[in-house]
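Participant: Model the following, please.
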Amino acid sequence: MQQRAISVIASQFAILVLFGLHTLSAMSAETACNASAEQYWKTFRNAVLQNDLSTIVNLSSFPFEVRGILDENTKRTILREEFHKLFPSLLEADPGMSPTPTTMKWLLNTATSLSPSFCNAYENQFRVGTWVFELTSDGWRFIQAFVDE
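Facilitator: Below you'll find the predicted structure:
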């Protein structure tokens, strides 16, 4: 009888521990985007919506990396001087967040703030659709884009 009581207590304890871990995981997911990322996103998004390419360039990191959506696609590096030619195609890329094709421009119109699912748990990177942003020594920067090649 005492063995059974210990077994019941142990299983209840395990359930409480798992529930606590799940709760902590959910809480960290809800708070993954810090204030500096959110402020950067608002500034970056506004520059894109205003078609302010010089601000977009200043908020980006170079060489900028472009990759295909498949692992076997090779990466390309884009220099600051070439970025203005590339950027229109980045706006037309499908963010892959809908069953029907859309564009990153459409996503930027709707993503007025960062969803917690966009940010990593380390608070040093976030991804909006096919665009990747990272916290660097110079602050937040647009570092990479995935495009269907």
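Participant: All the helices of this protein, residue numbers only.
Facilitator: Ranges of helices in the chain, per DSSP state H, are 2-30, 35-49, 53-58, 83-92, 104-110.
Participant: then the shortest one to PDB, C-alphas only?
Facilitator: Listed next in PDB are the C-alpha coordinates belonging to helix 53-58 (Å, rounded to 0.1, in the frame of the first residue of the first chain):
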ATOM      1  CA  LEU A  53      15.600  52.900 -49.600                       C
ATOM      2  CA  SER A  54      18.400  54.900 -48.000                       C
ATOM      3  CA  THR A  55      17.000  54.200 -44.500                       C
ATOM      4  CA  ILE A  56      16.400  50.600 -45.400                       C
ATOM      5  CA  VAL A  57      20.100  50.300 -46.500                       C
ATOM      6  CA  ASN A  58      21.200  52.000 -43.300                       C
END
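Participant: State the mean pLDDT of it.
Facilitator: Averaging pLDDT along helix 53-58 gives 98.
Participant: list the buried ones in it?
Facilitator: 56-57 (16 or more other C-beta atoms under 10 Å). In this view, the C-beta of every residue, glycine as well, is placed from N, C-alpha and C.
Participant: Identify the residues contacting stretch 60-68?
Facilitator: 73-80, 83, 86, 134, 136, 138, 141-149 (C-beta atoms under 8 Å, 6 or more residues apart in numbering).
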